[in-house]
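A.B. asks: got a structure for you, letters missing:
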């Protein structure tokens, strides 16, 4: 037998249930009603534990439950895949992936070092030690870390604007790696990775698009054959390119264009054709080999070369020049934010694709430790690379062993191959950078945002424009600021809905979304879809006054009354309410009381109800006006409205229109049957035939 549930928060509900049951007669089966009392919290109870103490207990309990194996997993994430390594299944894919990424990394590392304004050897150093450190302490099994274009541009942007010698420039780049590593480790220990969530995807897309354009223009000097001013703004770059046009040299332009075309074709074939997948990672190596062979054969004097590269592994040295640390803090914070966005986002996507768990805090710790230890071996800031990580995953990497293989390739290059790098043309390295950043120009995202969300499209335009014309730091700050402004605006202006009853049900939904839903005269049902706090309470009060004065009366049912008598607040979406909102509710209650309007509360959250109890709102409104369901509140309120509407009729007209006894009995039976069918849900009636209360009431 089906049971109807109702809250007993009001004294009228039990009698109403009994009345409805007795009106069914013998023709309908009994439908028992189970009463659910709304439990009002006792503020004097000692069952509520203070938050700090509760957090401490949970933390200690978690420590006690942690096994020795789990402790090892926490501090050495590589232990997770080492102890479950399947040699027959994983070894060959890991070796192939590591070899592929290593071959791809060597020329890219030199290219990105040049972009950062450093000697190419420091790119090779950055792609060596950090890879091994991350393979041990990082939690992602497919993420390929090392130098990347965006971080290299940030390093060049801040250090290029300072009047520094080459030696000091290099020292500060290494110091930046140390500072970035410290910040990432601090964020990992404090579990502050959630702060990055406030940067929307449209901000990231706009920022990377503008940065890619700036990076490509900054590499134009290697194609054109003359120097271009170093800047992160598009206007000075274009002015410099135009002003030096008379120095144009066609040999590096032709060579660079040919190498770039080869790279783009190989990249396209590697992405679009599965059988040519090997061409994608082989592109940078092919460009370097072709350029080097051409230079060795023809010896063109107008094409600049990389020059001498020191042979051997980097030596251990502690970062210096800490007196410049204070001026580098803003840039270190910006690089940290960009590194986290790029690395953690890629790592999470790859982890989901390969079906394993990823700890964001452990990921931050692995990146931070890789940068700290890398700075001891002359590395500048490194992070996860999107392109190399995608190649690593597509090549079948299963574990961190692929990273170790890639690092080994880099070590072998430093030991044995650096004499060959002397003849690499600079325009070839520039072509590798341009080819890599072209994929960052995300105009498809702008088109998508235009069709889906104009607000995010505006945010994309603002971020990309300010980054192009005002610089990277300003662009990021403006983008994040506007993004936070949108968040604050949405929070201060929450969605509020007037609810109506869906025909044939006891379900109440937004009347704007469901036009067939109807309301009742004298009653307004409102749902606030957000926490209530100091920033949005004024907006909420204003909207409540609007709903009280301006509600569509065409879809109303029930007894006709001239004004609103009851305001029902559906509070299930409200997860939090602060002291300012509590005080505003008190003022609202006094205001409504002076106009003879009663506030009813339906389905409040446990924490919200506790706050209302402590503040005295429950007693102020009255416990009888708190309900488990909106439907229960409507039943009680409608009964009150019905009692207000009962006016004596003219006796003469009543005598003229008085139906016979049998007509009244038949009509009464039809009404009772329709009520029973409605409440049981066996039959959906027309809205105008759908009474909520028994006519006996």
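C.D. replies: Good, I have the coordinates. On a predicted model such as this, the values are computed, not experimentally measured, just so you know. Residues are numbered from 1 along each chain as shown.

A.B. asks: just for the stretch 451-600 of the chain, where's the confidence low?
C.D. replies: 550-556, 558 (pLDDT under 70).

A.B. asks: for it, what spans make up the helices?
C.D. replies: Per DSSP state H, counting those that start in this stretch, the stretch 451-600 of the chain carries helices over the ranges 454-470, 472-492, 537-549, 579-594.

A.B. asks: tell me the buried residues in the second one?
C.D. replies: With burial defined by 16 or more other C-beta atoms under 10 Å, the residues of helix 472-492 counted as buried are 472, 473, 475, 476, 478, 479, 480, 482, 483, 486, 492. Every C-beta, even on glycine, is put in place using the N, C-alpha and C of the backbone.

A.B. asks: surely the last one touches residue 534?
C.D. replies: No. In this structure, residue 492 is not within contact of residue 534 by C-beta atoms under 8 Å, at 9.5 Å.

A.B. asks: which ones are touching residue 131?
C.D. replies: By C-beta atoms under 8 Å, 6 or more residues apart in numbering, the contact list for residue 131 reads 144, 145, 146, 370, 403, 404, 406, 407, 410.

A.B. asks: redo these as JSON lines? Include pLDDT and distance to residue 618.
C.D. replies: Below are those laid out as JSON lines (pLDDT from 0 to 100; distance: C-beta to C-beta, whole Å):
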{"residue": "144", "pLDDT": "91", "distance to residue 618": "58"}
{"residue": "145", "pLDDT": "91", "distance to residue 618": "55"}
{"residue": "146", "pLDDT": "92", "distance to residue 618": "60"}
{"residue": "370", "pLDDT": "95", "distance to residue 618": "55"}
{"residue": "403", "pLDDT": "92", "distance to residue 618": "59"}
{"residue": "404", "pLDDT": "93", "distance to residue 618": "63"}
{"residue": "406", "pLDDT": "93", "distance to residue 618": "63"}
{"residue": "407", "pLDDT": "93", "distance to residue 618": "64"}
{"residue": "410", "pLDDT": "94", "distance to residue 618": "67"}
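
A.B. asks: closest to residue 157 among those residues?
C.D. replies: Distance to residue 157, by C-beta to C-beta, is smallest for residue 146 among the contacts of residue 131, at 19.6 Å.

A.B. asks: as CSV, the buried residues of helix 472-492 with distance to residue 281 would be great.
C.D. replies: Output for the buried residues of helix 472-492, formatted as CSV (distance: C-beta to C-beta, whole Å):
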residue, distance to residue 281
472, 29
473, 33
475, 31
476, 31
478, 36
479, 32
480, 34
482, 38
483, 35
486, 39
492, 49
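
A.B. asks: and the residue nearest to residue 247 when sequence neighbours are not counted, helix, strand or coil?
C.D. replies: Distances taken as C-beta to C-beta, 6 or more residues apart in numbering put residue 226 closest to residue 247, at 3.8 Å, once the chain neighbours are dropped. Under the three-state scheme (DSSP: H, G, I helix; E, B strand; the rest coil), residue 226 adopts coil.

A.B. asks: neighbours of residue 226, how many?
C.D. replies: For residue 226, the tally of surrounding residues (other C-beta atoms under 10 Å) stands at 17.

A.B. asks: quickly list what's touching both of residue 492 and residue 534.
C.D. replies: By C-beta under 8 Å, 6+ apart, no residue touches both residue 492 and residue 534.

A.B. asks: ok, the spatially closest residue to residue 603 that is not a sequence neighbour - contacts?
C.D. replies: Closest residue in space to residue 603, ignoring its immediate chain neighbours: residue 572 at 4.4 Å, by C-beta to C-beta, 6+ apart. The contact partners of residue 572, taken as C-beta under 8 Å, 6+ apart, are 527, 602, 603, 604, 605.

A.B. asks: cool, residue 241 as well?
C.D. replies: Neighbour list for residue 241: 217, 220, 224, 228 [criterion: C-beta under 8 Å, 6+ apart].

A.B. asks: right, and the first one touches residue 233 too?
C.D. replies: No. Applying C-beta under 8 Å as the test, residue 217 and residue 233 come out as separate, 10.0 Å apart.

A.B. asks: a helix runs through residue 444, doesn't it?
C.D. replies: Yes. Assessed with three-state DSSP, residue 444 lies in a helix.

A.B. asks: that one and residue 173, how far apart?
C.D. replies: 34 Å (C-beta to C-beta, to the nearest Å).

A.B. asks: looking at the two, which has the bigger crowd around it?
C.D. replies: Shown here are residue 444 and residue 173; by other C-beta under 10 Å, residue 173 has more neighbours (28 against 9).

A.B. asks: quickly find the element holding that one.
C.D. replies: Using DSSP states H and E, residue 173 falls within helix 166-189.

A.B. asks: the helix or strand following that helix - contacts with which helices or strands?
C.D. replies: Going down the chain from helix 166-189, the next helix or strand is helix 201-218, by DSSP H and E. For helix 201-218, the packing partners by 3 or more C-beta pairs under 8 Å, 6 or more residues apart in numbering; DSSP states H and E come out as helix 149-160, helix 234-243, helix 426-438, helix 443-452, helix 454-470, helix 472-492.
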